[in-house]
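Student: sequence first, predicted model second:
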Amino acid sequence: MEVRFRVHRYDPEEDATARYQVYTVDVDGDMTVLDCLNQIKWYQDGTVTFRRSCRSAICGSCGMLINGRNRLACNTRVADLEAAEVSVGPLPGFPILRDLVVDWDPFFAKDAAMKPYLINDTPPPDKERRQSPEEYSKIDNATLCIMCGCCSSSCPVVWNNGQYYGPAALTKAYRFIFDSRDTATRERIDMAGSEEGTWRCHTIFNCTTDCPKGVLNTQNIQALKRKVMLEKLGFTGTKLVFNVDPIYKEGEAQHEHEAGGIATRA
Amino acid sequence: MERVVGSVTAQPQPVRVAPKTGTYSWLLMRLTAYGLIVFLTVHMIFNHYLDLRTGNKLTFELVNRRFYAYPVIYAINDIGLLTCTLFHGLNGVRNVIYDLVTNPAARRVLTILVMLIGLYFLYDGSLTLLALAQMQNSVGS
Amino acid sequence: MITHDVIVVGSGLAGMRAAVEIRRKAPQADIALITKVYPTRSHSGAAQGGIAAALGNIRYDANGVPVAAPEDQPGDDWLTHMYDTVKGADFIGDQDAQEILAREAVPTIYELEHMGVPFSRMPDGRIAQRPFGGHTNPRACYAADRTGHALLHTLYGELVRYNVKVYPEWYMLSVVIEDNSCRGVTALDIRTGEVHAVNAKATMFGTGGYGRAFKITSNAFSSTGDGITAAYRAGIPLEDMEFVQFHPTGLFSHGILLSEGARGEGGYLLNGLNERFMSRYAPGRMELAPRDVVSRSIYSELEAGRGAGPNGEYVLLDLRHLGKQKLDERLPQITELARDYLGIDPVTEPVPIQPTAHYSMGGIPTDADGRVVRGENEIVQGFFAAGECACASVHGANRLGTNSLLEATVYGRRTGQTIANFLHLESQGVGAAIPAMPSQALKQAEDELRELLSRTGREIAADIRKELQATMFQNAGVFRTPEKLEAELGIIEDLRERFALISLDDKGRRYNTELIETLELAHLLEFSECIVAGALARQESRGAHARRDFPKRDDTHWMKHTLAYREADGRARLDYKPVRYGPDGPRFQPEERKY
């Protein structure tokens, strides 16, 4: 099956504006968008530039705007797109370095601002710190994040306001705030609960919809909002916590993931 | 060269705005939403529903008679409604401002401006409602 | 010229763990990390099943079912772990290094847990463990089936905590060694296209493996043996390159990894006749035999015409009996991979699998402390290596599942300590001068890039790569014959000649990924010869190296490590060195390896 690929081409130092170049690829059965991009790069035009590494949806290199949705090129089968033409662009809202390659630096700086490491004031025991499966289950979903940027770059608030930490960084904050082993809740909340943190989230749900790993970003941010509020009002560590923790129905992540619905910027 | 140094190992960014503002604005947004449900329900029944017992048509006179009967409840409810509506709506405006304006000083100025607008309308509206209630009170007695 | 006290190349588990350790042990040292990707993109993150350590939280009961062990009676000990590793390695591993691996595993895991790794838990809050191939006890600590990802992201966090300077998307071009002392590396800033010399007192490699030499591989596009080749070109011999692990359960035709944890949790392997064929080859351990055994068994089934599928090209991994709940909880990622790539739901259908090139046992020879050695024991000053690129040799002829994450973290940590001690030596002290970088190094790297970009031949890099990978998989794969290996040597030579005649579409310098791919291809062509030459010379079958003409292990002649030196004409010259033991001699004597 011949599929037309419209690929975003742009070199900020050479081109005044971006353009889309069309390539035709003979797609068979299970080929993914990344396979096709490789075909283009290897046999048609070596100058097409994109990032890729693991091609098994875990390294987070190949997040792209594919037919209007942010996806990983490596786990998106062309057949599943059900389109005769596939448009491939860089993640929206990030500075473009070349063609499909965006500048990660601001993204990683926001992540670093969230102190993406465990802080525990008590000296570590000889063995492991205990954590019950129930306690673990609160952060299970958030630890799925591969930092591919699909969420943050699908968020209209991020497009509009480059200072907003965005869903990826806030999910990282969530992952540590709700980790039963972390004691720096207060510190983290000052950052996550600042004006450029949770409060800029308008529950648009693009980040949850577009996450290729099924991370419930928007839901996590809502849980963070409640947590921040209780902490700020002084209900630190009270039993009210039950009210704060997200309770997801079984299969919700999958459902949210497949539902699609909310269109990102085309 | 500077770029690489500033990427993954970037120092945490400072908190730009007093962190509590967002918290209270979000909390009050939620609370005023509950307020809106209550006050708006009472307001709608009071001002806009038929007299079910008699099936009378809704007329200015009918509504007026209700005012005469319960002036205090009416005044409290509508001032409450006004407060919640103003806060809820203007908080939305503030949010839009925060989305569009990233300069902290500008944000502060615009927030104060929005607050002043809100306070003015609350003052003006409340006076009107109180005056009405007063009038109805005096007429009623 | 950029100068640092320590330069770490590679941002996988080994590199990051070492960087963190140096920060802890020598806080004043100026340390930087160079990586061709971003730290969270490294291939360590693709590891799935677990990381071994004899915590003893889980043990087998009388019926062989894993159950919780009482807290005061651990169900495992490090010596058993070491024995399993030694036996898994088919007795050619260096036992001093293997002892360190097993001994330091337990504190290393606890340390990782304290760093915040989100391990899966037992009901009482201890770290959960599960059975794995070749291990006597259930000792694989895991975070669902994304253990590597959990570890990688935690260590990335540690980099941020310790404020380690990172040069992301810098591609290391060469390592500079003069007078048997390492002076640093040259590197290409991919974004700007500039070449820099990075001068350092200590250089450490954690650059990963070389699975990309094979067509069907579980490895990332970036696993191209860059560090191994750079060391080889700088005169360091490569050790035991012929030992390449083929993981039994790669997704059919893609090669994408389906964790051994799938079998650890009770998955079956079925042939075309729906038989659990492992009963023929490893009746004692069945599906949980070591990977080399299972991969050979699969090939034997396929060759006997008992494959599944229309052309009998694959066998099946059957997880249906585990049930949806267990799959969702313990193996969510591989469930998703099977759905995304083959459109098959493991809950209702068995998954087609085939062996896939997975791990490189060989690499840069090091001692048990991570110092790079030339010859038998000549230490190269200021040069260190750990992880998959290094050959300590912990894994010998075959690595056990879950021992790679362990090696990366144990040896990353240990090498970090070695480097910190090295910096504390008086002459190398933090304030001491950095040994000079030879001035021609930078120019040479720059000239080589220019030359490559200016080539105007008719060959296409992709064709060469494709042919190399296909023939390597065919001729130097699971089963090897001298005829095929000799043919492969000829093919490599032919491909090298063709490589001289390539030309690139992209002649620019900024973010030229075609240039990077071409440099990587040059690496594949370089070290593939070592794999094939080593395999051709080694006239025995040991671990992952299986010769049709020599089906038995031969301890009399081949209980030694291969060393491949690069000659001036670019060809490999083979030499050998003895297996290393601890000060008290071997803890375990070679025995027949049966499962």
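Tutor: Looks like it came in fine.
Student: return the list of helices and strands in contact with the host helix or strand of A:Lys110.
Tutor: Using DSSP states H and E, A:Lys110 sits within helix A:105-113. Counting by 3 or more CB pairs under 8 Å, 6 or more residues apart in numbering or on different chains; DSSP states H and E, the packing neighbours recorded for helix A:105-113 are helix A:166-177. All C-beta atoms are positioned from the backbone trio N, CA, C, and that covers glycine.
Student: hmm, the helix or strand following the helix it packs on touching chain C?
Tutor: Next along the chain after helix A:166-177, taking DSSP H and E as the criterion, comes helix A:185-192. No - judged by CB under 8 Å from any CB of the partner chain, helix A:185-192 stays clear of chain C, getting no closer than 12.8 Å.
Student: could you list the buried residues of helix A:185-192?
Tutor: Residues of helix A:185-192 classed as buried by neighbour count (16 or more other CB atoms under 10 Å in any protein chain shown): A:Thr185, A:Arg188, A:Ile189, A:Asp190, A:Met191, A:Ala192.
Student: ok, residues contacting that helix?
Tutor: A:113-115, A:119, A:165, A:170, A:173-174, A:176-177, A:182, A:197-198, A:224, A:227-228, A:231-232, A:236, B:12, B:15, B:19 (CB atoms under 8 Å, 6 or more residues apart in numbering or on different chains).
Student: domains for the chain, by residue range?
Tutor: Here I'm looking at chain A. Structural domains annotated on chain A: A:2-102, A:105-259, as defined by automatic domain parsing.
Student: wait, I meant chain C there
Tutor: C:249-355, C:439-554.
Student: any residue of the last one touching chain A?
Tutor: Yes - using CB under 8 Å from any CB, a contact is recorded between domain C:439-554 and chain A, made by C:Ile460, C:Ala461, C:Ala462, C:Leu504, C:Asp505, C:Asp506, C:Gly508, C:Arg510, C:Tyr511, C:Asn512, C:Thr513, C:Glu514.
Student: rank the domains of chain A by pLDDT, which is bottom?
Tutor: Sorting the domains of chain A by mean pLDDT places domain A:105-259 lowest, at a mean of 84.
Student: for chain B, longest helix please?
Tutor: For chain B, the helix with the greatest residue count under DSSP state H is helix B:104-140.
Student: now do that one: which elements does it pack against?
Tutor: helix B:60-69, helix B:71-100.
Student: of all these, which lies closest to A:Leu100?
Tutor: Proximity to A:Leu100 (CB to CB) singles out helix B:71-100 among those, at 27.8 Å.
Student: check the contacts of helix A:185-192 for burial and list the buried ones.
Tutor: Neighbour-count burial (16+ other CB under 10 Å) applied to these gives A:113-115, A:119, A:165, A:170, A:173-174, A:176-177, A:182, A:197-198, A:224, A:227-228, A:231-232, B:19.
Student: now A:Asn67: how far from chain B?
Tutor: Separation of A:Asn67 from chain B (CB to the nearest CB, to the nearest Å): 27 Å.
Student: my read: that residue touches A:Leu81, true?
Tutor: Yes - taking contacts as CB atoms under 8 Å, A:Asn67 lies within contact range of A:Leu81: 5.6 Å.
Student: show me what contacts the closest residue to A:Cys54 other than its chain neighbours?
Tutor: Excluding the flanking residues, the one nearest A:Cys54 by CB to CB, 6 or more residues apart in numbering or on different chains is C:Ala220, at 4.2 Å. C:Ala220 makes contact with A:Ser53, A:Cys54, A:Arg55, A:Cys59, C:His43, C:Ala46, C:Arg212, according to CB under 8 Å, 6+ apart.
Student: one step back: now, of the residues of domain C:439-554 next to chain A, which are buried?
Tutor: For the residues of domain C:439-554 next to chain A, buried by 16+ other CB under 10 Å: C:Ile460, C:Ala461, C:Ala462, C:Leu504, C:Asp506, C:Gly508, C:Arg510, C:Tyr511, C:Asn512, C:Thr513, C:Glu514.
Student: I figured the first one hits A:Tyr43, correct?
Tutor: What it means is C:Ile460. Yes - shown here, C:Ile460 and A:Tyr43 form a contact pair, counting by CB under 8 Å, at 7.0 Å.
Student: helix or strand: which one has A:Pro116?
Tutor: A:Pro116 belongs to no helix or strand when assigned by DSSP H and E.
Student: OK, contacts around the closest residue to it other than its chain neighbours?
Tutor: Ranked by CB to CB, 6+ apart and with sequence neighbours excluded, the top spatial neighbour of A:Pro116 is C:Gly157, at 4.2 Å. Contact analysis of C:Gly157 by CB under 8 Å, 6+ apart lists A:Pro116, A:Tyr117, A:Leu118, C:Met115, C:Gly116.
Student: biggest separation within those, which pair?
Tutor: Farthest pair in the contacts of C:Gly157 (CB to CB) is A:Pro116 and C:Met115. Separation: 11.4 Å.
Student: what about these two, which has more around it?
Tutor: Comparing A:Pro116 with C:Met115 by other CB atoms under 10 Å in any protein chain shown, the one with more neighbours is A:Pro116, at 24 against 19.
Student: now do the contacts for that one.
Tutor: Counted by CB under 8 Å, 6+ apart, A:Pro116 has contacts A:Lys172, A:Phe176, C:His153, C:Tyr156, C:Gly157, C:Val160.
Student: rerun at 10 Å
Tutor: Applying CB atoms under 10 Å, 6 or more residues apart in numbering or on different chains, we find A:Pro116 in contact with A:108, A:147, A:169, A:172-173, A:175-176, C:40, C:116, C:153-154, C:156-161.
Student: adding secondary structure, write the residues of domain C:439-554 next to chain A out as TSV.
Tutor: Below are those laid out as TSV (DSSP: H, G, I helix; E, B strand; the rest coil):
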residue	secondary structure
C:Ile460	coil
C:Ala461	helix
C:Ala462	helix
C:Leu504	coil
C:Asp505	coil
C:Asp506	coil
C:Gly508	coil
C:Arg510	coil
C:Tyr511	coil
C:Asn512	coil
C:Thr513	helix
C:Glu514	helix
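Student: show me which residues of the stretch 151-300 of chain C sit near chain A.
Tutor: With the criterion set to CB under 10 Å from any CB of the partner chain, the stretch 151-300 of chain C comes near chain A through C:152-163, C:166, C:168-169, C:190-191, C:218-223, C:251-258.
Student: recalculate using a threshold of 7 Å.
Tutor: Residues of the stretch 151-300 of chain C lying near chain A by CB under 7 Å from any CB of the partner chain: C:Gly157, C:Glu158, C:Val160, C:Arg161, C:Arg191, C:Ala220, C:Phe221, C:Ser222, C:Ile256, C:Leu257.
Student: tell me the centre residue of chain A?
Tutor: A:Cys151 (3.5 Å; CA atoms, centre = their mean).
Student: sec struct for C:Leu563, please.
Tutor: The three-state label given to C:Leu563 by three-state DSSP is strand.
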